[in-house]
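Student: Quick one, what's the 3D model for this:
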Amino acid sequence: MKPQTVSFKTILSFLGMLLLPGAAQLHAQDLHVYYNLFTDSLSYQKDGEAVKKPKIRKGDFIILHFTEYNPYLYEADVEIDQRNADDWDGGASTGTLGLAPGMGGSMSILGGSDAGAPGLLGFMDMPLFSLGESSMRLKDFFSGSRGAEQLIGQAQIQLQALAKTQAQMAEIYSELESMDKSERAAQLAADHLDLLLRNPRIRPSLIRRIASEYQTMIFPGQSDEALALNEAFKWEQRPVVKRRLMNQLEAKQREFDAQIIQLAPIAQQLSSLDVGSTALEDFATDLRDVTGNAGNLREQLEAYLAYQNDKSTRDLSAEEMMALQLKFRELADQSFSYDVAISMEKNNVITTARFAPHDSVSTSAKDQAIATKVKTVKLSAQGGLRISTGFGVGFSRLFEPAQEFSARDNAIVADESGIVQPALSTYIHFYPGHRSGVGLAGTFGIGIPLSTANLTALNFFLGPSLLFGRGQRIVLSGGLTAGPSTRLGKGYNVGDYFDPNVGDIPTRTSYDLGYFLGISFNIGG
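Tutor: Numbering: from 1, shown residues only. This is a model prediction of the structure:
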């Protein structure tokens, strides 16, 4: 990596970086520029709102964010070039850190239960609560029939007991399933999180979201700040907790079986009643279905408990859980953005960022996606007044043409010395900060006449100009000029008597107004 020269500008940028947390709260004062390294796209925010074409002026403080930057893969190096000239060829950037074809914007961490893990869906679907409500309605309906009323009342009591046991079993089963999912998530996170961080084809923001989902499943209800070390130690007690829950589930199953045994004769007696009620017949049929499904429930529960006993999943140690906690906290604080603070001192700022893979990262020919990337961002100030200089020639003509004087027949005569006077000129052009390929400017110039008679005098030019090209390569100017002109002196006028034997005709040099046309080439700005 090439060493950088420390300058006042670098120190200023570094101080700006130190103030970035506070600067994030000053959206109303700073422009935030976001360069997405995955999509090679620019976006802007001003006053906390997205803008398409921000107005940048000299003196503005800008924060350039290279987003979707993976610090686990790349080392960043940024060069900032500030200049007033507009002759910059680009906006293009080389290389891509983009998403590889076929990679989607989301990933599924855990899709339901383990393959082959038996569930208790049949048990969850048993309509005990609805049957209890039916028994209450039927009991009121058959209040005049002592036999039916008594049987329905007994069924209601047994159904209430069954429903309570069912709810307790469902709660235990849900807790066991939650523990299973968190264990699988912990194992996946321990094995795959570092691999995700070193995959150049996955968006860093997606990695952070996956890590957040892992954390939610492994440490439910715990925020980043609330992650405590005792949560990691609790994992060592999970086998004991699971065994206790499984024993409770087995005990509840025995209670459920006993209650089903008590319900069976009631269902049989209700089925044998001949009261001519379709509702009572349906209720009796539903009770027989419940008692019949109890056997299926027992088989499901036995399979589930056997699966839990036979699982050979490796339990993570407290040290591994603590390492996961620290990784989650680190990723929660990781912005996956490389930020550059810029003080707009000149008209243009060109930021060139190089993202080189760390030495520990493989850069084999098989994976060119992880090669060094170069991204360039140009920011241009708009508005205000810019000044550039140029060198060229000017052609001027005075409103009252220049003259040369001589004596003929003892009289002063005048002859025009030239219609157009050329001069080597230097110009200063001033123009608005933002313009297109052809722009209007104002020009002030100074020229040295090419006439040998006026080499010691200067021409002055003032007027509008046309700038051609964003680099101001060619400038066409025109307007007023003030140039040297020779006139008669000592009160003489053309036609006055003058004896040439006395000496030379008295003259004086004065500045007269005229107009000019000039062409120049930009040499600085």
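
Student: partner strands of the helix or strand hosting E75, parallel or antiparallel?
Tutor: Assigned by DSSP states H and E, E75 falls within strand 74-83. Strand 74-83 pairs in its sheet with strand 348-357 (antiparallel), by DSSP bridges.

Student: what mean pLDDT does the partner strand have?
Tutor: Across strand 348-357, pLDDT averages out at 91.

Student: ditto for stretch 177-185
Tutor: Stretch 177-185 shows a mean pLDDT of 85.

Student: Give the buried residues for that stretch.
Tutor: By 16 or more other CB atoms under 10 Å, the buried positions in stretch 177-185 come out as E177, D180, K181, S182, E183, R184, A185. From N, CA and C alone the C-beta is placed, and that goes for glycine too.

Student: can you put the residues you listed in a markdown table and add distance to K252?
Tutor: Listed next are the buried residues of stretch 177-185 as a markdown table, based on distance: CB to CB, whole Å:
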| residue | distance to K252 |
| --- | --- |
| E177 | 16 |
| D180 | 19 |
| K181 | 22 |
| S182 | 23 |
| E183 | 23 |
| R184 | 25 |
| A185 | 27 |
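
Student: Make TSV out of these and add distance to A50 and secondary structure.
Tutor: Formatted as TSV, the buried residues of stretch 177-185 follow (distance: CB to CB, whole Å; DSSP: H, G, I helix; E, B strand; the rest coil):
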residue	distance to A50	secondary structure
E177	43	helix
D180	44	helix
K181	39	helix
S182	39	helix
E183	43	helix
R184	40	helix
A185	36	helix
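
Student: Closest one of those residues to V420?
Tutor: Of all the buried residues of stretch 177-185, A185 has the smallest distance to V420: 87.5 Å, by CB to CB.

Student: Report how many residues lie close to the nearest residue to the closest one once chain neighbours are set aside.
Tutor: Nearest non-adjacent residue to A185, counting by CB to CB, 6 or more residues apart in numbering: M217, 4.0 Å away. Neighbourhood size, M217 [other CB atoms under 10 Å]: 19.

Student: Report the separation between M217 and L196.
Tutor: Distance, M217 to L196, using CB to CB, to the nearest Å: 16 Å.

Student: Just want the most central residue of this protein.
Tutor: Among the residues of the chain, T67 comes closest to the average C-alpha position under CA atoms, centre = their mean, at 4.7 Å.

Student: does that one really touch Y34, like I thought?
Tutor: Yes. Between T67 and Y34 there is a contact at 5.4 Å, judged by CB atoms under 8 Å.

Student: Name the nearest of the buried residues of stretch 177-185 relative to L467.
Tutor: A185 (63.6 Å).

Student: quick one: that closest one from A318, how far?
Tutor: Taking CB to CB, one finds A185 at 17 Å from A318.

Student: what do you get for E213?
Tutor: 23 Å.

Student: With L331 instead?
Tutor: Distance, L331 to A318, by CB to CB: 21 Å.

Student: How many residues are close by T291?
Tutor: By other CB under 10 Å, the residues close to T291 number 16.

Student: Looks to me like it is in a helix.
Tutor: Yes. Counting by DSSP: H, G, I helix; E, B strand; the rest coil, one finds T291 located in a helix.

Student: Can you tell me the closest non-neighbouring residue to it?
Tutor: Leaving aside its sequence neighbours, T291 sits nearest to A264 (CB to CB, 6+ apart; 4.8 Å).

Student: which residues of the stretch 351-500 of the chain fall in helices?
Tutor: For the stretch 351-500 of the chain, applying DSSP state H, counting those that start in this stretch gives no helices.

Student: Show me the shaky parts of it.
Tutor: 362-369, 383-385, 418, 433-437, 452-456, 470-472 (pLDDT under 70).

Student: Dig out what the residue nearest to I387 when sequence neighbours are not counted forms beta bridges with.
Tutor: Closest residue to I387 apart from its sequence neighbours, by CB to CB, 6+ apart: F430 at 5.0 Å. Beta-bridge pairing for F430 (DSSP bridges): I387, G442.

Student: which residues does F430 contact?
Tutor: Applying CB atoms under 8 Å, 6 or more residues apart in numbering to F430 gives the contacts L385, R386, I387, A441, G442, T443, F444.

Student: just checking, the second one touches R57?
Tutor: This points to R386. No. R386 is beyond contact range of R57, at 11.8 Å (criterion: CB under 8 Å).

Student: who has more neighbours, these two?
Tutor: Neighbour count, other CB under 10 Å: between R386 and R57, R386 has more, with 23 against 12.

Student: distance of that one from N348?
Tutor: From R386 over to N348 the distance is 10 Å, taken as CB to CB.

Student: which secondary structure element contains the residue nearest to A185?
Tutor: Assigned by DSSP H and E, M217 falls in helix 204-218.

Student: Buried residues, that helix. List them.
Tutor: P204, S205, L206, I207, R208, I210, A211, E213, Y214, Q215, M217, I218.

Student: now, which of those sits nearest D339?
Tutor: For the buried residues of helix 204-218, the nearest to D339 is P204 (14.3 Å; CB to CB).

Student: so Q421 bridges to which residues?
Tutor: When assigned by DSSP bridges, Q421 has beta-bridge partners S396.

Student: quick one: it and R397 touch, right?
Tutor: Yes. In this structure Q421 lies within contact range of R397 using CB under 8 Å: 7.0 Å.

Student: domains of this structure?
Tutor: Domain ranges of the chain: 8-103+336-380, 121-328, 385-524, per automatic domain parsing.

Student: So for stretch 477-490, what gets flagged as buried?
Tutor: By 16+ other CB under 10 Å, the buried positions in stretch 477-490 come out as S477, G478, G479, T481, A482, G483, P484, S485, T486, L488.

Student: could you say what helices and strands the helix or strand hosting the residue nearest to T291 packs with?
Tutor: Element membership for A264, per DSSP H and E: helix 238-272. Judged by 3 or more CB pairs under 8 Å, 6 or more residues apart in numbering; DSSP states H and E, helix 238-272 is in contact with helix 146-197, helix 278-310.

Student: wait, which of the buried residues of stretch 177-185 is closest to A251?
Tutor: The closest of the buried residues of stretch 177-185, once distances to A251 are taken by CB to CB, is E177, at 18.5 Å.
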